[in-house]
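Colleague: Give me a 3D structure for the following:
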Amino acid sequence: MKRVTKALVVLIVLALAAVAAAYANTMSPQRPANTDRAALMKAHRGGTIKLIAKTAGGTLDPQVNYTLQYWNLYMATYDGLLAFTKAGGAAAFNVVPDIAEQMPILTNGGKTWTFKIRKGIKFSNGKELTTADVVASLQRIFKVKSPTSGSFYAGIVGADACLKNPATCTLKGGVSSNPSARTVTINLKAPDPEFKFKLAVPHATIVPADSPSKDAGTKPVPGTGAYYFASYKPNDQLLMKRNPYFKEWSRLAQPDGYPDQITMSFGLTAEAQVTAVENGQADWVFDFPPADRLPEIGTKYADQAHLNLLTAFWYLPMNVNIPPFNNLKARQAVNLAINRKATIDIFGGPKLASASCQVLPPGFPGYKPYCPYTKNPGTRWSAPDLAKAKRLVQESGTAGQPVSVYSADDEVSKEMGVYIQSVLNQIGYKAKVKPISGNIFFTYVQNTKHKVQINVQQWYQDYPAPSDFLYILFGCESFHPGSDSSINFSGFCNKKINAQMHKALNLGIENPKAANALWTKIDRMVTDQAPMATIFNPKHLDFVSKRVGNFTFSKQYYWVVDQSWVQ
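Modeller: Residues are numbered from 1 along each chain as shown. From the prediction side, this is the model:
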């Protein structure tokens with residue numbers, strides 16, 4: 001296993017400290033202050049922004065894909081009734097009207113949401129958007145078995161029938177329209193304070209009513225954004241071009257962009273990606289740079305590096321329904337045995353991540369530090385407890401069992417998988433690593449048919465609410481056996497904890513403070529049951545080429561690509 005040497009870690013720490021100091025804000029110094037946007041557009045419009053990644057991100061369907069890799073691009077290509085503001089920093093958490101003219105009118109005690117649809121918005125195929133497209137798109141969430149259909153949108157009246165029989169979904173009683181008044185009405189079973197967030201993420205994208213009622217895969221679905229996906233070849237390149245029918249209706253929701261084209265090319269290792277950006281052959285690295293390239297990025301190329309805190313975590317979901325991790329003691333043993341400092345060193349060092357044992361990340365609503373899986377249980381991780389881990393494996397009766405560790409095939413994930421293999425072997429298992437192409441990894445490990453016991457996983461927030469980590473990843477409604485859209489990787493369904501999650505969701509309507517206090521307890525309950533081993537909370541490093549200007553980092557979706565220029 002390739003390890004980061006102590007000397008290299010020191011260099012990384014010093015280098016990234018310099019980057020952090022130089023970029024305390026999220027805006028590039030290349031951005032002129034107080035300059036008229038029309039003048040900026042005239043001066044910088046045009047060219048091609050070239051993104052590179054080792055592998056493609058799977059399906060291009062916005063109502064199915066659940067990866068940061070493409071959600072980052074959907075900002076510029078698709079719209080929902082509502083949208084997160086395309087802005088830097090925490091302002092990106094603000095929800096604004098998008099396809100809708102204004103924020104919804106709420107009646108019936110908050111259970112009925114009525115939207116008025118804007119006039120004149122056209123899809124990239126030239127067809128004008130109508131209320132029929134909105135209704136069909138909401139139904140399509142269930143027809144294509146969107147990963148969040150059973151969680152985000154299960155509160156819509158009629159959703160239960162749609163979840164049972166997706167192909168015949170009508171959302172009867174839940175969604176209706178008045179074409180002449182240009183209104184769409186959504187009826188919820190109960191008030192939901194998070195529903196505005198759920199309507200602003202890509203799974204609630206509005207697409208043409210005649211879009212396929214199954215995952216579109218590699219075939220682009222028309223959108224209404226400033227750009228459209230012109231072609232997609234997962235083994236080669238994804239191409240985005242300007243939507244010829246786009247006219248800016250809201251700068252906050254969907255601003256016009258600077259480049260004429262955006263490409264994402266596939267096939268280069270993270271090492272080669274860094275070199276390509278340094279040489280000006282590409283404009284951005286998707287995969288995290290290898291640890292041994294961080295010192296040069298943090299010194300020689302510091303003005304091209306942007307370091308930002310994230311509400312995210314790296315963790316190891318363990319399948320609680322098959323051996324050996326259907327045994328609580330086995331899962332707890334893994335948690336106790338992992339040296340989180342070693343995993344952080346693999347990721348790039350302590351300036352890029354901090355150890356964690358729990359689900360909720362620091363700075364998130366409901367977060368209070370908690371770590372029962374360390375030599376000194378309490379609020380912080382200090383060191384692994386191998387002796388106790390080995391004892392628990394023996395007590396569980398699972399010693400000697402084979403375990404396959406699945407990971408994506410990028411350098412960091414593979415190295416993480418190799419490390420976890422060594423830990424499992426050390427505490428009494430017979431482990432091996434199975435790297436899988438990043439193009440299919442995310443969906444592959446969700447499907448119970450593949451009997452994935454443990455995998456190296458990451459989770460980045462959909463929106464700023466505790467439920468987006470705890471309920472989405474560990475709620476019963478997110479587990480769908482035999483499906484590629486089962487985001488509850490562990491298959492964890494604890495009825496008692498799930499009831500508490502629903503209580504917290506309902507409590508959030510009237511008393512958000514009390515709800516967050518309950519989420520704190522739920523975080524500890526889930527952590528104690530150990531359906532996962534959390535290893536660290538990461539920071540995000542964007543490495544861009546010299547020619548990229550107007551860099552803007554959104555806390556919601558990260559780099560706002562189309563608001564940068566290369567001219």
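Colleague: residues touching residue 222, list them.
Modeller: 123-125, 127, 207-208, 211, 228 (CB atoms under 8 Å, 6 or more residues apart in numbering). For the C-beta atoms, the positions are set from N, CA and C on the backbone; glycine is no exception.
Colleague: Ignore what I typed, I meant residue 554.
Modeller: With CB under 8 Å, 6+ apart as the criterion, the residues that contact residue 554 are 84, 86-89, 92, 560.
Colleague: Backbone dihedrals for it, please?
Modeller: phi -100, psi 130 (degrees, to the nearest 10).
Colleague: per-residue pLDDT, it?
Modeller: What the model reports for residue 554 is a pLDDT of 91.
Colleague: Please report how far it lies from residue 94.
Modeller: Computed as CB to CB, to the nearest Å, the residue 554 to residue 94 distance reads 11 Å.
Colleague: Please enumerate the shared neighbours of the two.
Modeller: Common neighbours of residue 554 and residue 94 (criterion: CB under 8 Å, 6+ apart): 84, 87.
Colleague: any idea where the strands of the stretch 351-500 of the chain begin and end?
Modeller: Per DSSP state E, counting those that start in this stretch, the stretch 351-500 of the chain carries strands over the ranges 353-355, 402-408, 430-436, 454-455, 457-460.
Colleague: Distance to residue 307, mean neighbour count and mean pLDDT for those strands - can I get that in a markdown table?
Modeller: As requested, those are exported to a markdown table (distance: least, CB to CB, whole Å; neighbours: other CB atoms under 10 Å; pLDDT from 0 to 100):
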| stretch | distance to residue 307 | mean neighbour count | mean pLDDT |
| --- | --- | --- | --- |
| strand 353-355 | 12 | 20 | 95 |
| strand 402-408 | 23 | 21 | 98 |
| strand 430-436 | 27 | 17 | 98 |
| strand 454-455 | 27 | 28 | 98 |
| strand 457-460 | 16 | 20 | 94 |
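Colleague: Quick one, which of the ones you listed gets closest to residue 131.
Modeller: strand 457-460 (32.8 Å; CB to CB).
Colleague: Can you report how many residues lie near residue 81?
Modeller: Using other CB atoms under 10 Å, residue 81 is surrounded by 24 other residues.
Colleague: show me what contacts the residue nearest to it when sequence neighbours are not counted?
Modeller: With sequence-adjacent residues excluded and distances taken as CB to CB, 6 or more residues apart in numbering, residue 81 is closest to residue 100, at 4.6 Å. For residue 100, the contacting residues are 81-82, 115-118, by CB under 8 Å, 6+ apart.
Colleague: And residue 100, how close does it get to residue 420?
Modeller: Per CB to CB, residue 100 is found 45 Å from residue 420.
Colleague: Also residue 139?
Modeller: Distance of residue 139 to residue 420, given as CB to CB: 41 Å.
Colleague: Also residue 455?
Modeller: When distance is defined by CB to CB, residue 455 is 9 Å away from residue 420.
Colleague: okay, and the common contacts of those two?
Modeller: By CB under 8 Å, 6+ apart, the residues touching both residue 455 and residue 420 are 316, 405.
Colleague: Grab the longest strand from this structure for me.
Modeller: Counting by DSSP state E, the longest strand found in the chain is strand 532-543.
Colleague: Partner strands of it, with direction?
Modeller: strand 305-309 (antiparallel), strand 312-317 (antiparallel), strand 353-355 (antiparallel) (DSSP bridges).
Colleague: so can I have a markdown table of those strands showing distance to residue 474?
Modeller: Shown next, in a markdown table, are these (distance: least, CB to CB, whole Å):
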| stretch | distance to residue 474 |
| --- | --- |
| strand 305-309 | 24 |
| strand 312-317 | 9 |
| strand 353-355 | 20 |
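Colleague: Looking at those, which is nearest to residue 38?
Modeller: Of these, nearest to residue 38 by CB to CB is strand 305-309, at 26.4 Å.
Colleague: Buried residues in that closest one, which are they?
Modeller: Residues of strand 305-309 classed as buried: 305-308 (neighbour count, 16 or more other CB atoms under 10 Å).
Colleague: returning to that earlier point: cross the contacts of residue 222 against strands and list the overlap.
Modeller: Of the positions in those, residue 228 sit in strands, assigned by DSSP E.
Colleague: For the contacts of residue 222, work out which two are farthest apart.
Modeller: Maximum pairwise distance among the contacts of residue 222 (CB to CB): 13.7 Å, between 211 and 228.
Colleague: Between the two, point out the one with more neighbours.
Modeller: A side-by-side neighbour count of residue 211 and residue 228, using other CB under 10 Å, places residue 228 first with 24 against 21.
Colleague: How many residues are close by the nearest residue to the more buried one once chain neighbours are set aside?
Modeller: Among residues not flanking residue 228 along the chain, residue 124 sits closest, at 3.5 Å (CB to CB, 6+ apart). Around residue 124 there are 25 other residues, counting by other CB under 10 Å.
Colleague: what's residue 124 in contact with, if anything?
Modeller: Counting by CB under 8 Å, 6+ apart, residue 124 touches 222-225, 228, 243-246.
Colleague: just residue 560 next, same as before
Modeller: Residue 560 makes contact with 75, 86-88, 552-554, according to CB under 8 Å, 6+ apart.
Colleague: Backbone dihedrals for it, please?
Modeller: Note on residue 560: backbone dihedrals following degrees, to the nearest 10 are phi -90, psi 90.
Colleague: That'll do, ta.
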